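Could you look at this predicted model? Sequence included:
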Amino acid sequence: MGAQRFSTLVVEADGGSRGNPGPAGFGALVRDGLGGRVLAERAGFLGTTTNNVAEYTGLVAGLRAAAEIDPDARVQVRMDSKLVVEQMSGRWQIKHEDMRRLAREAAAVLPSSQVDYTWIPRAENSAADALANEAMDTREQIARDLWRESAGGPPAEQEPVPTTRPHGARVRFDGHEPLTIVLVRHGQTPLTVAGAYSGSSVPGPSLTSRGRIQAAQAADLVHRIGREVWPDLPRPSAIVASPMVRAQETAAAVGRRVGLPVTTDARFAEVDFGRWEGLTSDQIAERWPGEPEQFLMTGTVRAPGGESVADVGERVVAGLRDLVAQGVGRTVVVVGHAVQVRAAVGRALDAPPERWSGLRIPPGSVSILRWWEDGLTEATVVGCPSDL
């Protein structure tokens, strides 16, 4: 495996404690300083400790990962902890013994002249924060080295895939390549647990702890596509997400895992439930007798002040056709919602909207379509749970 060289590496690190002290975890990732591609991720559960110890532990883990990638690269550390940034820059004293020990460990990884420290707002450190929360949720250690997978060889998206058609796959006699579309439903939210309608008329809610675990599991499954899982498919090379918070959080987990940026397309948003937003099925049935059944059974009846399932199908297919027009022979991940995924699969199968509710799409699940330029399609998998 040939060594890789980077002029600059960026370390983003964070840590958190639920109680301070309390159950704690750290998260860190290393990016290519030029392109921003994620090269490595580190996270871990620390048991009971403080926020500051968790943040310092994240820093040490991030620096060590950067040194493994390229010990000669200049490293820019970005953290939202002003305490750690000021102490490691030598401007503030370190009084706590645990933090002094961790600061010495961090300083010993690379020469001080090679490392710069910058404070950033918390909102700009969301990737490291999400890794820390993933570690606290799962209580596991995480070490992902994306840079090793392509070291000494072509980038993953350029590697050839098997030319033999898998058993059961769609038959084509002209050799034309399709676009592979990986549809990921977001992880669990509080409204998922409550059984309430959660559409696109409001940006929230966020993922629950269980939802973040499901997002991480989905990210791992997506990362395996084109490898040991569905090896005949191209590896993912682009990620598009709904603008809703829960989809963006899930897409961010996928993006970190596969080392790709996330773009947003409102056409992949969930159905607009209008005045049903935030209500349970029982509440809706009580206030609008018979309408929920018509909404689901016909697929063409609109929620009051909102959309129908068929409306979602129109905008989702328009978005998918644009992705096909942008290039086939590749895999694009689309992170969205239950009705949006059902609409994509239903339209691919040319099924009428009243049949789409019969597709089971669990939180964090993965569905895969293949879409040719002439409109021919294949449903490779539908609603595959990501924790299998």
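Done, it's in. Numbering: from 1, shown residues only.

And for the residue nearest to Ser308 when sequence neighbours are not counted, the neighbour number?
Nearest residue to Ser308, sequence neighbours excluded (Cβ to Cβ, 6 or more residues apart in numbering): Arg302, at 4.4 Å. Yep, even glycine has a C-beta here, placed from its N, CA and C like the rest. Close neighbours of Arg302, defined as other Cβ atoms under 10 Å, add up to 18.

Report the contact partners of Arg302.
The contact partners of Arg302, by Cβ atoms under 8 Å, 6 or more residues apart in numbering, come to 274, 295, 308, 311.

which secondary structure elements does the helix or strand harbouring the last one contact?
Asp311 belongs to helix 309-325 when assigned by DSSP states H and E. Packing contacts for helix 309-325, counted by 3 or more Cβ pairs under 8 Å, 6 or more residues apart in numbering; DSSP states H and E, involve strand 179-185, strand 331-336, helix 338-348, strand 366-371.

Which of the ones you listed sits closest to Trp288?
With Cβ to Cβ, the closest approach to Trp288 among the helices and strands packed on helix 309-325 belongs to helix 338-348: 17.8 Å.

and Thr280, what does it touch?
If you count contacts by Cβ under 8 Å, 6+ apart, then Thr280 has 194-197 around it.

could you redo the last one with a cut-off of 7 Å?
Residues in contact with Thr280, defined by Cβ atoms under 7 Å, 6 or more residues apart in numbering, are 194-196.

isn't there a strand covering His223?
No: counting by DSSP: H, G, I helix; E, B strand; the rest coil, His223 is not part of a strand but helix.

From Ala65, how far out is it?
Distance, His223 to Ala65, by Cβ to Cβ, to the nearest Å: 17 Å.

Between these two, tell me which one has more neighbours.
Ala65 (24 against 21).

quick one: that one is in a helix?
Yes: per three-state DSSP, Ala65 lies within a helix segment.

where do the helices sit along the stretch 1-150 of the chain?
In the stretch 1-150 of the chain, the helices defined using DSSP state H, counting those that start in this stretch lie at 51-69, 82-88, 97-109, 126-138, 146-150.

Check which helices and strands the second one is in contact with.
Right, helix 82-88. Applying 3 or more Cβ pairs under 7 Å, 6 or more residues apart in numbering; DSSP states H and E, one finds that helix 82-88 contacts helix 51-69, helix 97-109, strand 115-119.

next one: the fourth one
Helix 126-138 sits against strand 8-17, strand 22-32, strand 38-49, helix 51-69, strand 142-145, helix 209-224, helix 245-258, with contacts defined as 3+ Cβ pairs under 7 Å, 6+ apart.

Mind putting the helices and strands packed on helix 309-325 into TSV with mean neighbour count and mean pLDDT?
Formatted as TSV, those follow (neighbours: other Cβ atoms under 10 Å; pLDDT from 0 to 100):
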stretch	mean neighbour count	mean pLDDT
strand 179-185	26	98
strand 331-336	27	98
helix 338-348	26	98
strand 366-371	23	98
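
Quick one: closest of those to Ala251.
It's strand 331-336; of the helices and strands packed on helix 309-325, that one is closest to Ala251 (Cβ to Cβ) at 4.0 Å.

And the helices and strands packed on helix 309-325: which comes nearest Thr208?
Between the helices and strands packed on helix 309-325, strand 179-185 lies closest to Thr208; by Cβ to Cβ that is 14.3 Å.

Taking strand 366-371 as reference, get the angle to that closest one.
Here the directions of strand 179-185 and strand 366-371 differ by 150 degrees (axes from the mean of the first three to the mean of the last three Cα atoms, to 10 degrees).

Format the CA atom coordinates belonging to strand 179-185 as CSV.
Written as CSV, here are the backbone C-alpha positions of strand 179-185 (Å, rounded to 0.1, in the frame of the first residue of the first chain):
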residue,chain,number,x,y,z
LEU,A,179,-28.2,5.0,-12.5
THR,A,180,-28.3,3.1,-9.2
ILE,A,181,-30.4,5.0,-6.6
VAL,A,182,-30.0,4.1,-2.9
LEU,A,183,-33.0,5.3,-1.0
VAL,A,184,-32.4,5.7,2.8
ARG,A,185,-35.2,6.5,5.2
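
burial count for Pro71?
13.

What segments of the stretch 151-300 of the chain are strands?
Secondary structure of the stretch 151-300 of the chain (DSSP state E, counting those that start in this stretch): strands at 179-185, 236-241, 262-264.

Please convert the ones you listed to CSV, extending it with distance to Asp350.
Converted to CSV, the strands of the stretch 151-300 of the chain look like this (distance: least, Cβ to Cβ, whole Å):
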stretch, distance to Asp350
strand 179-185, 16
strand 236-241, 23
strand 262-264, 28
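
mind checking which of the ones you listed is nearest Asp14?
Across these, closest to Asp14 is strand 262-264 (Cβ to Cβ), at 19.0 Å.

Pairing partners for that closest one, with directions?
Looking at strand 262-264 with DSSP bridges, its partner strands are strand 236-241 (parallel).

chain center to the strand it pairs with: distance?
Centroid separation for strand 236-241 versus its chain: 10 Å, with Cα atoms, centre = their mean, to the nearest Å.

Just say which of the helices of the stretch 1-150 of the chain is most tucked in.
Across the helices of the stretch 1-150 of the chain, averaging neighbours per residue (mean count of other Cβ atoms under 10 Å) puts helix 51-69 on top, at a mean of 25.
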